[in-house]
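Asker: Here is a sequence together with a model predicted from it:
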Amino acid sequence: GLSADAYCRRHEITVTGDNVIQPFTSFEATGFPSELLREMRQAGFSAPTPIQAQSWPIAIQGRDIVAIAKTGSGKTLGYLVPSFILMKQRRNHNPRLGPTVLVLSPTRELATQIQDEAVKFGKSSRISCTCLYGGAPKGPQLRDLDRGVDIVVATPGRLNDILEMKRVSLHQVSYLVLDEADRMLDMGFEPQIRKIVKEVPSRRQTLMYTATWPKEVRRIAADLLVNPVQVNIGNVD
Ligand code: ADP
Ligand code: MG
């Protein structure tokens with residue numbers, strides 16, 4: 001295979017941070033459970049995308065990440081797959097006490113797509129996932145939470161409503177993802193995001209994925225992430 005440097009040059013990847021681990025440039029290099037690799041191959045994937053190659057080993061090490069990559073680069077599995085691996089390693093929690101993984105997403109449509117990927121690729125890891133979004137009745141969402149789930153994918157507005165009703169606890173969350181952070185800020189979700197993050201233990205791992213890197217996103221990254229590895233794919237500044 002290619003050396004890490006050659007791989008990064010070829011895919012226009014820039015990685016900054018202390019002691020960064022080598023990327024997983026092939027599925028074989030991941031050491032992931034064979035059923036999970038089989039699911040990805042059956043989906044027609046032949047190798048990790050560059051953002052996955054970088055995100056997977058860094059996230060599995062437990063480090064914070066900020067990843068800047070354009071739409072369509074495979075960011076969803078970039079953060080979901082490490083959450084499956086970490087959940088399996090830490091299988092000592094009771095989902096009825098609350099989720100251990102929380103993904104914030106700007107819209108109902110995107111949140112639903114993330115849940116679909118979590119269900120499809122999390123099956124062999126026995127992951128349960130539910131989705132919380134506005135514009136739909138709360139009843140079924142609350143029932144799913146009461147049954148207990150490993151992963152919650154939520155839009156910030158609806159999650160805040162449910163938090164205010166005290167119908168979900170985020171005290172077990174150890175893996176927090178802000179997906180499409182730039183879009184969430186554009187939509188005015190910053191106050192809700194900050195309220196939600198206050199409910200998540202400060203001893204957590206935080207991953208932020210964004211297509212652009214303007215100063216508003218840099219500021220919230222500086223506030224919420226601890227010594228992150230920054231991964232840029234392509235020519236996004
Ligand atoms: P992003 O969040 O960066 O916009 P997505 O996670 O939505 O990208 O992925 C874009 C598409 O690429 C999806 O259809 C997804 O199933 C597919 N995909 C994900 N990982 C791979 C891979 N390793 N190889 C090929 N396609 C992939
Ligand atoms: Mg995405």
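Answerer: Structure's in. What do you need? Ligands and ions are numbered 1, 2, ... in the order given.
Asker: and the closest residue to residue 181 other than its chain neighbours, how many neighbours?
Answerer: Among residues not flanking residue 181 along the chain, residue 210 sits closest, at 4.3 Å (CB to CB, 6 or more residues apart in numbering). Yep, even glycine has a C-beta here, placed from its N, CA and C like the rest. Residue 210 has 24 neighbours, counted by other CB atoms under 10 Å.
Asker: pLDDT at residue 210, what is it?
Answerer: Note for residue 210: predicted pLDDT of 95.
Asker: Quick check, it in contact with residue 177.
Answerer: No. With contact defined as CB atoms under 8 Å, residue 210 does not reach residue 177; the gap is 11.4 Å.
Asker: pLDDT score assigned to the residue lying closest to residue 152 once chain neighbours are set aside?
Answerer: Spatial nearest neighbour of residue 152, chain neighbours left out: residue 99 (4.2 Å); criterion: CB to CB, 6+ apart. Looking at residue 99, its pLDDT is 96.
Asker: Let me see the contact set for residue 99.
Answerer: If you count contacts by CB atoms under 8 Å, 6 or more residues apart in numbering, residue 99 has them with 149-152, 168, 170, 172-173.
Asker: Listing partners with orientation, what would you give for the strand or helix carrying residue 177?
Answerer: In this structure, residue 177 sits in strand 175-178 according to DSSP states H and E. For strand 175-178, the paired strands and their directions (DSSP bridges) read strand 101-104 (parallel), strand 205-210 (parallel).
Asker: is ligand 1 contacted by the longest one?
Answerer: No. For a cut-off given as CB under 6 Å from any ligand atom, strand 205-210 has no contacts with ligand 1; the smallest distance is 7.0 Å.
Asker: The first one now?
Answerer: No. Under the criterion of CB under 6 Å from any ligand atom, strand 101-104 makes no contact with ligand 1; the nearest approach is 11.4 Å.
Asker: what's the following helix or strand after that strand?
Answerer: Taking DSSP H and E, what comes next after strand 101-104 is helix 108-122.
Asker: Identify the residues contacting the next helix or strand after that next one?
Answerer: As assigned by DSSP H and E, the chain's next helix or strand after helix 108-122 is strand 129-132. For strand 129-132, the external contacting residues (CB under 8 Å, 6+ apart) are 111-112, 114-115, 118-119, 122, 141, 144-145, 149-155, 158-159, 162.
Asker: after strand 129-132 comes which helix or strand?
Answerer: helix 139-147.
Asker: Quick one: residues in contact with that following helix.
Answerer: 96, 130-132, 152, 158, 162, 167-168.
Asker: For it, what is the distance to the chain centroid?
Answerer: 22 Å (CA atoms, centre = their mean, to the nearest Å).
Asker: Now do the buried residues in that helix.
Answerer: By 16 or more other CB atoms under 10 Å, the buried positions in helix 139-147 come out as 141, 144-145.
Asker: Give me the helices and strands touching the helix or strand just after it, please.
Answerer: Remark: after helix 139-147, the chain's next helix or strand is strand 151-154, criterion DSSP H and E. Helices and strands touching strand 151-154, by 3 or more CB pairs under 8 Å, 6 or more residues apart in numbering; DSSP states H and E, are strand 101-104, helix 108-122, strand 129-132.
Asker: Output the longest one as PDB, restricted to C-alpha atoms.
Answerer: In other words, helix 108-122. The C-alpha atoms that make up helix 108-122 are tabulated as PDB, following Å, rounded to 0.1, in the frame of the first residue of the first chain:
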ATOM      1  CA  ARG A 108     -35.100  16.100   9.900                       C
ATOM      2  CA  GLU A 109     -34.100  14.700   6.400                       C
ATOM      3  CA  LEU A 110     -30.400  14.500   7.300                       C
ATOM      4  CA  ALA A 111     -31.100  13.100  10.700                       C
ATOM      5  CA  THR A 112     -33.200  10.300   9.200                       C
ATOM      6  CA  GLN A 113     -30.500   9.500   6.700                       C
ATOM      7  CA  ILE A 114     -28.000   9.200   9.500                       C
ATOM      8  CA  GLN A 115     -30.300   6.900  11.400                       C
ATOM      9  CA  ASP A 116     -30.700   4.700   8.300                       C
ATOM     10  CA  GLU A 117     -26.900   4.300   8.000                       C
ATOM     11  CA  ALA A 118     -26.700   3.500  11.700                       C
ATOM     12  CA  VAL A 119     -29.300   0.900  11.400                       C
ATOM     13  CA  LYS A 120     -27.900  -0.600   8.200                       C
ATOM     14  CA  PHE A 121     -24.300  -0.700   9.200                       C
ATOM     15  CA  GLY A 122     -24.800  -1.100  13.000                       C
END
